[in-house]
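**Q** based on what follows, work out the 3D shape:
(2 chains)
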Amino acid sequence: DGGITQSPKYLFRKEGQNVTLSCEQNLNHDAMYWYRQDPGQGLRLIYYSQIVNDFQKGDIAEGYSVSREKKESFPLTVTSAQKNPTAFYLCASSPGGGQSYNEQFFGPGTRLTVL
Amino acid sequence: AQTVTQSQPEMSVQEAETVTLSCTYDTSESDYYLFWYKQPPSRQMILVIRQEAYKQQNATENRFSVNFQKAAKSFSLKISDSQLGDAAMYFCAYEYFGNEKLTFGTGTRLTIIP
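**A** Presented below is the predicted three-dimensional model:
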């Protein structure tokens, strides 16, 4: 089955610790995205990557970091600098490559709670 | 910057009835795409329907259709013959042509009344 996997589904972290959220896709998509979802605020873009070894900041990148060493993987690190990290995090991918439009396919999400 | 506004935080509809969810957007671009995504209680985001701005014909997918008014920058979603499985958060989203980034509205929670 082709799709996007995110792990873990639930993640708990102590304040001051860094934590890494996993995102893997086997759709052979070029582009990958990380979103944060908070109640009443919809989805906000954290980082995105259109090609391996390259990525750009989204609207709320402060306190987060990413890497894109492989086409199928786009891990997100929530650092201790993120002031309010408790949220639901969604990873997505799209074909990219300058196609006329890019339908984004989403993973099941990770719920991060800072204790 | 582009913005997407969904002014109805919550809506409810009787099963088998029709409901319309509203969305307005602000952009200075002429080539773009609009989307409606559904997020059921499982929280898995699912694409419901998309509309290309250059097309005058409104998109339709089975019981889901849109009313796209480009001049008014309005993009509403109509769900006909509502079913219990339609209960979800619905998000309107905008993508500028070639930008590969989506801008989302804040969502509308739809409840289906049996």
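**Q** near chain B, which residues of chain A are found?
**A** A:31, A:33, A:40-45, A:48, A:50, A:58, A:88, A:90, A:92, A:94, A:96, A:98, A:100-104, A:106, A:108-109 (Cβ under 8 Å from any Cβ of the partner chain). Every C-beta, even on glycine, is put in place using the N, C-alpha and C of the backbone.
**Q** I'd like the average pLDDT over stretch A:50-57.
**A** Averaging pLDDT along stretch A:50-57 gives 94.
**Q** phi, psi for residue B:86 please.
**A** phi -80, psi -10 (degrees, to the nearest 10).
**Q** mind checking how far it is from residue A:51?
**A** 37 Å (Cβ to Cβ, to the nearest Å).
**Q** so these two - more neighbours on which side?
**A** residue B:86 (20 against 13; other Cβ atoms under 10 Å in any protein chain shown).
**Q** show me what contacts the more buried one?
**A** B:38, B:79, B:110, B:112 (Cβ atoms under 8 Å, 6 or more residues apart in numbering or on different chains).
**Q** make it 10 Å
**A** B:13, B:15, B:19, B:38, B:40, B:48, B:63, B:64, B:79, B:110, B:111, B:112 (Cβ atoms under 10 Å, 6 or more residues apart in numbering or on different chains).
**Q** and residue 69, what does it touch?
**A** Just going to use chain A. Shown in contact with residue A:69 (Cβ under 10 Å, 6+ apart): A:52, A:53, A:75.
**Q** can you look at chain B instead?
**A** Residues near residue B:69 by Cβ under 10 Å, 6+ apart: B:24, B:58, B:75, B:76.
**Q** and it, how far is that from residue B:50?
**A** Taken as Cβ to Cβ, the span from residue B:69 to residue B:50 is 16 Å.
**Q** could you do residue A:22 as well?
**A** Going from residue A:22 to residue B:50 by Cβ to Cβ gives 29 Å.
**Q** by neighbours, which of the contacts of residue A:69 wins?
**A** Using other Cβ under 10 Å as the neighbour test, the contacts of residue A:69 are led by residue A:75, with 17 neighbours.
**Q** grab the nearest non-local neighbour of the most centrally placed residue in chain A.
**A** With distances taken as Cα atoms, centre = their mean, residue A:34 lies nearest the centre of chain A, 2.7 Å away. Distances taken as Cβ to Cβ, 6 or more residues apart in numbering or on different chains put residue A:46 closest to residue A:34, at 4.3 Å, once the chain neighbours are dropped.
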